[in-house]
Each structure stands twice: as C-alpha cells, then as structure tokens.
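K.L.:
Coordinates for the following, if possible.
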Amino acid sequence: MSSDGSNNKKMSIIVTKGTLDWAYPPFILATTAASMDVDVTLFFTFYGLQLLKKDLDHLQISTLGNPAMEMPMMGMHMQMPNIVSAIPGVDAMATKMMKNMIKKKGVASIPELREAALELDVKLIGCQMTMDLFEWDQSMMIDGIEVGGAATYMEQALQADINLYI
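P.N.:
Predicted coordinates for the structure are as follows:
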C-alpha cells in the first residue's frame with residue numbers, strides 16, 4: 001500500500017525533449033500506465049515544456065544527432081546520416097514524412113495522446129522555473145495542467161514505484 005493509502009502503483013516521468021519523435025514515449029507510457037490503474041505524473045521541463053503549449057504546430061523531427069533514424073522510402077528503409085541535417089528543409093521534410101506515416105498507420109497524434117492523458121487523470125506539471133526562464137505564462141499552456149518546481153516533482157517522485165527520464 002502506498003503512503004497515500006491507495007493500492008495503486010505510481011510512476012513519474014521527467015519530460016525534457018520537445019521534438020515530435022520525443023513527444024511520443026512519455027505520452028504513450030503515461031496513458032498506457034494510467035489505463036492499467038497506475039497513478040502517473042509527467043513533469044515537463046526545459047524543451048519538454050513545449051509539449052504543454054496550446055499550439056503544437058511547431059513540433060518537428062530533428063535529424064541531428066539521431067543516427068538510428070530510418071524512414072521507410074521507396075519500399076526500403078533509408079538511414080538518415082547526420083550530415084543531412086545541415087541541408088535546409090531536411091527536418092521539415094522528415095517531419096512531414098513522419099506525420100504522414102503516423103496518420104497512415106493510425107497512430108494517435110500528440111494532441112490526442114495529451115487529451116487522453118488528461119482524461120485518464122495523468123498529472124501534467126509544467127516547470128515554473130522553465131516558464132520563467134523562457135518568459136512563458138500559463139495562458140500559453142493547455143488547460144488542466146499544474147505549474148510547479150523541482151520540489152513539486154520530488155513530492156511525486158519520492159512516492160513513485162517507477163521514475164523515468166525522457
């Protein structure tokens with residue numbers, strides 16, 4: 001039994017990345033765990049805080065530093081060497097390809113996963129320090145989130161059975 005008297009397992013995830021490809025793991029893990037009666041907290045800090053903004057049109061894939069990136073093209077899987085990230089428009093092209101593949105395969109979008117997380121009572125915490133640093137205010141963020149600092153995250157993490165950093 002956890003310290004709050006419930007029998008539920010608890011999981012916390014620190015979300016630090018704000019690209020389209022890095023947005024999927026925390027939301028998929030959180031919604032899956034929450035659907036299995038795990039109490040989940042996502043703490044969005046630095047570039048991960050982008051994922052709580054109302055407007056997600058800016059989400060892109062970054063080919064830089066991602067040597068394992070393969071995209072299905074012309075019936076085969078093409079690897080994207082890091083050097084291609086220096087070519088203007090490559091990240092936009094990779095983003096468009098990924099979004100098309102997501103839609104074609106019926107994978108939920110990030111806004112859909114984010115909404116599912118809220119419906120499943122996943123606690124979404126935006127880092128106050130990061131908001132102050134980037135000069136963002138809560139009006140830029142989606143409804144239903146909490147704003148807090150490292151101590152707010154630590155309260156959750158110290159009770160969690162699973163702590164992840166993504």
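K.L.:
how about the strands in the protein?
P.N.:
Taking DSSP state E as the test, the strands found in the chain are 10-15, 39-44, 70-73, 76-79, 123-127, 146-148, 162-165.
K.L.:
Show me the shaky parts of the chain.
P.N.:
1-7, 63-87 (pLDDT under 70).
K.L.:
Tell me which of the strands of the chain is the most buried.
P.N.:
strand 39-44 (a mean of 26; mean count of other CB atoms under 10 Å). Heads up, the C-betas are built off the backbone N, CA and C, glycines and all.
K.L.:
any chance of the strands of the chain in CSV, plus distance to E115?
P.N.:
Formatted as CSV, those follow (distance: least, CB to CB, whole Å):
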stretch, distance to E115
strand 10-15, 16
strand 39-44, 14
strand 70-73, 27
strand 76-79, 32
strand 123-127, 11
strand 146-148, 17
strand 162-165, 21
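K.L.:
Please name whichever of these is nearest to A92.
P.N.:
strand 70-73 (13.6 Å; CB to CB).
K.L.:
Need the residue closest to the centroid of the chain.
P.N.:
A23 (3.2 Å; CA atoms, centre = their mean).
K.L.:
Apart from its neighbours in sequence, what residue is nearest it?
P.N.:
I110 (4.8 Å; CB to CB, 6 or more residues apart in numbering).
K.L.:
got the contact list for the one you found?
P.N.:
When contacts are counted by CB atoms under 8 Å, 6 or more residues apart in numbering, I110 touches 20, 23-24, 27, 51, 56, 59.
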